[in-house]
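Trainee: A predicted structure for the sequence below; I have some questions about it.
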Amino acid sequence: METRDSEIKIPGKGDIPALDEAAVEKCQSRWLSIAKPLFGLGTLEDAVTQIAGITGTADVSIDKKGLIVMCADNGVVEEGISQTDSSVTAVVTDNFSRGLTSACIMGRTAGVDVFPIDIGVSVDTKVYTDKIAYGTKNMLKEPAMTRREAEESILAGIRAAKRLKKQGYQILLTGEMGIGNTTTSSAVASVLLEEDPEGLSGRGAGLSDAGLQRKREVIRRAIGLWKPDPADPIDVLAKVGGFDIGGLAGVFLGGAMERLPVVMDGFISAAAALLACRIAPGTERFILPSHMSGEPGMGRILRELDKEAFIGCHMKLGEGTGAVALMPLLDMTLEVYRKMPDFDGIQIEAYKPLGGEA
Ligand SMILES: O=C(O)c1ccc[n+]([C@@H]2O[C@H](COP(=O)([O-])O)[C@@H](O)[C@H]2O)c1
Ligand SMILES: Cc1cc2nc[nH]c2cc1C
């Protein structure tokens, strides 16, 4: 589909590039040469190797880090599926413009620039706006959005990824803000994985037992009403998803097309990643997981994408906080990759005569 910017299209099957195998091999042999126990830094080594394959160079650099935070409201909140009401979305979204969110504060520590985008908050906000609509519809009364809006939300995410690439960002992080979005994410995952929402939905931002039962029932009923087609991911997004999920799916797709590593955050980001990988298989090659969200469906989506979280901690804050938390670990790993002497180097040092002559 083409809109606004006629160059930008939603990629599909066969459109996602392969990893650069030469860069992967060069990176792997550097890891093997470093004077340390083999595979001593575990999956952190694999992350660096994956980034080499993504960016096409074993000279890995992720100095310039950009977090894209998709902010949107969800009509289904009127069914009482969240602990708070929708007004919180706009308040927190505006706080991004003042640097007063958890992700902004953590981002300053970790050297991550934060780019909040209003992709569908139900009122006007102070952040960069690429609004599809003022919130989605209540999916218990009608499909959450039109197919056109679903496509537009994905395109907005692709545009965001391209903008950051143009500005020189070397790694993209994903985050979101949207009351009710653990309900929409569970619904999307439930359809795509063809599983009951029971094991895929949790308490979100803090729901009571009764609220959780209601949430699961709302998801089941919405799916039953609109019967989204699991083989048509855009149909799933349109009927039971959210603009934030569509936008983040676009960031994963756009990042892959731009050969940028894209870091997954928590459950909402994971649902968006799953959606992106169903839209354009191969996108998973460009995705790095970060943490294991405390939402119960997180492990299931990670397994489906064949990813293993680096961080435990049971975080469920959203905003990209888990993705940001991975950055210091990656930065430290890269320092070892770049600076550690290899086995030859260590041997030369070790056998240097005390008198200083080689
Ligand atoms: O990232 C996660 O795994 C995560 C888990 C639970 C809650 N959240 C955040 O909490 C909000 C959604 O919670 P809820 O209960 O309103 O669906 C939304 O703004 C998310 O950023 C995020
Ligand atoms: C206060 C608050 C902040 C958030 N940040 C991300 N999701 C959130 C949900 C709430 C409720």
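Mentor: Here it is on my side, so go on. Ligands and ions are numbered 1, 2, ... in the order given.

Trainee: Enumerate every residue touching the residue nearest in space to the middle of the chain.
Mentor: Geometric centre of the chain, nearest residue: residue 264, 2.9 Å, by C-alpha atoms, centre = their mean. Residues counted as contacts of residue 264 (C-beta atoms under 8 Å, 6 or more residues apart in numbering) are 174, 270, 273, 287, 288, 289, 290, 307, 323. In this view, the C-beta of every residue, glycine as well, is placed from N, C-alpha and C.

Trainee: In three-state terms, label the first one for me.
Mentor: Under the three-state scheme (DSSP: H, G, I helix; E, B strand; the rest coil), residue 174 adopts strand.

Trainee: In CSV, could you pull the C-alpha coordinates for stretch 99-119?
Mentor: Listed next in CSV are the C-alpha coordinates belonging to stretch 99-119 (Å, rounded to 0.1, in the frame of the first residue of the first chain):
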residue,chain,number,x,y,z
GLY,A,99,11.7,14.2,30.2
LEU,A,100,9.6,13.0,33.1
THR,A,101,8.9,9.4,32.4
SER,A,102,10.8,6.3,33.6
ALA,A,103,12.0,5.6,30.1
CYS,A,104,13.4,9.2,29.8
ILE,A,105,15.2,9.0,33.1
MET,A,106,16.7,5.6,32.4
GLY,A,107,17.5,6.7,28.8
ARG,A,108,19.6,9.6,30.1
THR,A,109,21.7,7.2,32.2
ALA,A,110,22.1,4.7,29.3
GLY,A,111,22.8,7.2,26.5
VAL,A,112,19.5,6.7,24.7
ASP,A,113,17.6,9.5,22.9
VAL,A,114,13.9,9.2,23.3
PHE,A,115,11.4,10.0,20.5
PRO,A,116,7.8,9.8,21.7
ILE,A,117,5.2,9.8,18.9
ASP,A,118,1.5,10.5,19.3
ILE,A,119,0.1,7.9,16.9
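
Trainee: Report how many residues lie close to the residue in the chain that ligand 2 sits nearest to.
Mentor: Nearest to ligand 2 in the chain, going by C-beta to the nearest ligand atom, is residue 318, at a distance of 4.0 Å. Number of residues near residue 318 (other C-beta atoms under 10 Å) recorded here: 28.

Trainee: For the stretch 1-150 of the chain, what lies in contact range of ligand 2?
Mentor: Proximity of the stretch 1-150 of the chain to ligand 2, by C-beta under 6 Å from any ligand atom, involves residues 84, 88, 92.

Trainee: In space, what's closest to the last one - neighbours in sequence excluded?
Mentor: The spatial neighbour of residue 92 that comes closest, neighbours along the chain excluded (C-beta to C-beta, 6 or more residues apart in numbering), is residue 177 at 5.1 Å.

Trainee: follow-up on the earlier one: what's the pLDDT at the residue nearest to the centre of the chain?
Mentor: Looking at residue 264, its pLDDT stands at 98.

Trainee: Equivalent analysis for residue 350, please.
Mentor: In this prediction, residue 350 carries a pLDDT score of 49.

Trainee: contacts with ligand 2 among the contacts of residue 264, please.
Mentor: Among the contacts of residue 264, no residue is within reach of ligand 2 (C-beta under 6 Å from any ligand atom).

Trainee: Next, format those as JSON lines and append neighbour count, secondary structure and pLDDT.
Mentor: Formatted as JSON lines, the contacts of residue 264 follow (neighbours: other C-beta atoms under 10 Å; DSSP: H, G, I helix; E, B strand; the rest coil; pLDDT from 0 to 100):
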{"residue": "174", "neighbour count": "32", "secondary structure": "strand", "pLDDT": "99"}
{"residue": "270", "neighbour count": "31", "secondary structure": "helix", "pLDDT": "98"}
{"residue": "273", "neighbour count": "30", "secondary structure": "helix", "pLDDT": "99"}
{"residue": "287", "neighbour count": "24", "secondary structure": "strand", "pLDDT": "99"}
{"residue": "288", "neighbour count": "21", "secondary structure": "strand", "pLDDT": "98"}
{"residue": "289", "neighbour count": "26", "secondary structure": "coil", "pLDDT": "98"}
{"residue": "290", "neighbour count": "28", "secondary structure": "coil", "pLDDT": "98"}
{"residue": "307", "neighbour count": "18", "secondary structure": "coil", "pLDDT": "98"}
{"residue": "323", "neighbour count": "32", "secondary structure": "helix", "pLDDT": "99"}
